[in-house]
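Engineer: I'd like to go over a predicted model; first the sequence, then the structure.
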Amino acid sequence: MAGRYRLEPEAKQDLKEAILWYEKQQEGIGEKLFQNVFAKIEKISERPESYSIFHGHYRKASVKKFPYFIFYSIQEKFV
């Protein structure tokens, strides 16, 4: 399943808004957030069951150096 993931439209919008906000604070920080989020998504897709269960079938993983979590569920073909 490595590399197999799908972002919900709401998650894409949230990420876009967060990146823009961080870029307004300091140039380059938004790009760092983008890199850290997608690095974590890749790790999740490689070993989706290694992160803690949050609620029901949803799991969560923290984003390195930023106050964000990625919430996800494991599907048949992707996370």
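Structural biologist: Nice, thanks for sending it over.
Engineer: so where's this protein uncertain?
Structural biologist: Applying pLDDT under 70 to the chain picks out residues 1-3.
Engineer: and Ile53, how far from Phe71?
Structural biologist: 11 Å (C-beta to C-beta, to the nearest Å). Quick note: C-beta positions are derived from backbone N, CA and C, even for glycine.
Engineer: overlap in contacts of the two?
Structural biologist: Arg59 (C-beta atoms under 8 Å, 6 or more residues apart in numbering).
Engineer: where do the strands of this structure begin and end?
Structural biologist: Secondary structure of the chain (DSSP state E): strands located at 53-55, 58-62, 69-73.
Engineer: give me the residues contacting the first one.
Structural biologist: Defining contact as C-beta under 8 Å, 6+ apart, one finds that strand 53-55 is touched by 59-60, 71.
Engineer: and Ile41, how many residues sit next to it?
Structural biologist: Neighbourhood size, Ile41 [other C-beta atoms under 10 Å]: 19.
Engineer: could you check which of Ile53 and Phe71 has the larger neighbour count?
Structural biologist: The neighbour comparison of Ile53 against Phe71 (other C-beta under 10 Å) goes to Phe71, with 13 against 10.
Engineer: what residues sit buried inside stretch 11-30?
Structural biologist: Of the residues in stretch 11-30, 15, 18-19, 22-23, 29-30 count as buried by neighbour count, 16 or more other C-beta atoms under 10 Å.
Engineer: show me which of those is closest to Glu49.
Structural biologist: Leu15 (23.6 Å; C-beta to C-beta).
Engineer: does that closest one really touch Gln35, like I thought?
Structural biologist: No: using C-beta atoms under 8 Å, Leu15 makes no contact with Gln35, being 11.8 Å away.
Engineer: any idea how far Lys65 is from Ile19?
Structural biologist: Ile19 sits 14 Å away from Lys65, going by C-beta to C-beta.
Engineer: with Gln25 instead?
Structural biologist: 14 Å.
Engineer: for this protein, which segments are assigned as helices?
Structural biologist: Along the chain, the stretches classed as helices by DSSP state H are 9-25, 29-46.
Engineer: with distance to Phe78 added, can I get those in JSON lines?
Structural biologist: Shown next, in JSON lines, are these (distance: least, C-beta to C-beta, whole Å):
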{"stretch": "helix 9-25", "distance to Phe78": "13"}
{"stretch": "helix 29-46", "distance to Phe78": "8"}
